[in-house]
Each structure stands twice: as structure tokens, then as C-alpha cells.
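*Asks:* compute the structure for the input listed below.
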Amino acid sequence: MVWAAMTLAFFGFLRLGELTCNSKFSPEIHLASGDVRFFPHQGNPDFMKLSIKASKTDPFRSGHTITIGKTGLPLCPILAMQKYLQARDTSSGPLFIYFSGTPLTKTALVSETRAYCPGQVSILPITLGIVTELGLPQQQHQLGSPHG
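*Replies:* Below is the predicted model of the structure:
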């Protein structure tokens, strides 16, 4: 689960709050398994689409859909998500949940990521590094901010 969440965050340029459940689950706000769709078909997808319903940078909650492509490498968000969804309980609720049914929170994701990576891990420099490498102004990397 953590691998799928981190590869999704990295390749989708997501804020951790966009993929974790930090309050009581609400299908109008939080990601659910139905918000992930594989194309052209789930068996051998070339890309997936993720429906983001709420974001810090989307104050009007208009929502956005992002497309994430297959890398064809071991570090692949499509492969990670497929493996996670195959292992995930098919019940409704947040997209990322532990086997116990507890949703993945931002605090838990950061804690688990730090456990996998020795030393200090900060998520912000990862995102800013991507933005810098792409040559984008830092304010433009915010997901779906049509209003500024």
C-alpha cells in the first residue's frame, strides 16, 4: 500500500492530503478505489486516470482528473496500483486502507516512508525537485488551480 501511495504521489505530483484520509471518510472528498481507472483496459493498461475530488489548491472543489502513464520499468505507478488493488479488500472506503480497515493518513504515510528510508526524509523537496527539473515556476505545479 505504501509503495502504491508513494509512486502515485510522485508520478501524479500529488500532495499527500490528496491521497490520504485525514478525517472521517467522505466519498465526496477522499479518494476511493472507483476513482482509479485503467486504460485501454485493466488487464494491460497503458495509463490510468485518477479523479481528484478535493485539493488544497482547488478551493471550489470542482475536481480534476489526472492521467499517469506506464513507465515499463520496475518503478511504475500503474504496476504498483494494480498490485495494491489486487491485494486490497474490495469493500468501499478510502483508496488506501490497511488490512485492518484503518485509512492511510498523512502522518502514517510519512512515518512509514521514513521507516523504509534511512535518515531524514522530507516529501516537499521531492515535489519541488520535480518542478525544478521540469523548469516550471513553483506556483504552477499546484494541481488544478484554475483560479490562481
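*Asks:* lowest-pLDDT helix or strand in this structure?
*Replies:* helix 123-134 (a mean of 51; mean pLDDT, DSSP states H and E).
*Asks:* count the neighbours of Glu28 for me.
*Replies:* By the criterion of other CB atoms under 10 Å, Glu28 has 8 neighbours. All C-beta spots, glycine's among them, are computed from the backbone N, C-alpha and C.
*Asks:* residue contacts, the closest residue to it other than its chain neighbours?
*Replies:* Closest residue to Glu28 apart from its sequence neighbours, by CB to CB, 6 or more residues apart in numbering: Lys53 at 6.3 Å. Residues near Lys53 by CB atoms under 8 Å, 6 or more residues apart in numbering: 28-31, 35, 61, 63.
*Asks:* residue boundaries of the helices in this structure?
*Replies:* 2-11, 16-19, 77-87, 106-116, 123-134 (DSSP state H).
*Asks:* mind checking how far the shortest one is from the chain centre?
*Replies:* Relative to the centre of its chain, helix 16-19 is centred 6 Å away, using CA atoms, centre = their mean, to the nearest Å.
*Asks:* residue ranges in this protein under the pLDDT threshold?
*Replies:* The chain contains residues with pLDDT under 70 at 118-148.
*Asks:* 50 instead?
*Replies:* Applying pLDDT under 50 to the chain picks out residues 125, 129, 133, 138-148.
*Asks:* out of the helices of the chain, flag the one nearest Lys49.
*Replies:* Nearest of those to Lys49, taken as CB to CB: helix 77-87 at 11.1 Å.
*Asks:* follow-up on the earlier one: out of the helices of the chain, which comes closest to Ser100?
*Replies:* helix 106-116 (11.7 Å).
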